[in-house]
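Q: Just the structure for this:
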Amino acid sequence: MTAQTDTPGSVTTVYKVSGMSCGHCEGAVSGEISEIAGVSSVTAVASSGEVTVVSAAPLDEEAVRAAVDEAGFELVGAV
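A: Below you'll find the model as predicted:
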């Protein structure tokens, strides 16, 4: 998992998600991931399939996978 610390106490991780094609898709994925404990921001970009997550600590990839699945998409993995 590739993660970088931007500010003290936060970790930014970029994930690749397949199947997103529009703003509604971005919102669905962002909404589900933002419900994971410790997540402070989520930015999903359908055109690249990348989802940038800022959290208080590194996230369990299985929790992210479950959230993406709940939104109806597939987590490819961390970039």
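
Q: From here on, just use CA atoms for contacts and neighbour counts.
A: OK.

Q: now the helices for the chain?
A: For the chain, the helices defined by DSSP state H cover 23-34, 61-71.

Q: what packs against the first one?
A: Just to be clear, that refers to helix 23-34. When contacts are defined as 3 or more Cα pairs under 8 Å, 6 or more residues apart in numbering; DSSP states H and E, helix 23-34 packs onto strand 39-45, helix 61-71.

Q: Which of those sits closest to residue 32?
A: helix 61-71 (5.2 Å; Cα to Cα).

Q: now the helices of the chain as TSV including distance to residue 46, mean pLDDT and mean neighbour count?
A: Converted to TSV, the helices of the chain look like this (distance: least, Cα to Cα, whole Å; pLDDT from 0 to 100; neighbours: other Cα atoms under 10 Å):
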stretch	distance to residue 46	mean pLDDT	mean neighbour count
helix 23-34	6	98	19
helix 61-71	13	98	17
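
Q: Take those helices and write them to a markdown table, including distance to residue 40.
A: Below are those laid out as a markdown table (distance: least, Cα to Cα, whole Å):
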| stretch | distance to residue 40 |
| --- | --- |
| helix 23-34 | 7 |
| helix 61-71 | 14 |
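
Q: Verify the stated contact: residue 45 with residue 26.
A: Yes: assessed by Cα atoms under 8 Å, residue 45 is found in contact with residue 26 at 6.3 Å.

Q: Pull the number of nearby residues for residue 22.
A: For residue 22, the count of nearby residues is 11 (other Cα atoms under 10 Å).

Q: The chain should start at 38 in everything you say after this.
A: With 38 as the first residue, the last one maps to residue 59.

Q: How about it: what's its closest non-neighbour residue?
A: Among residues not flanking residue 59 along the chain, residue 83 sits closest, at 5.8 Å (Cα to Cα, 6 or more residues apart in numbering).
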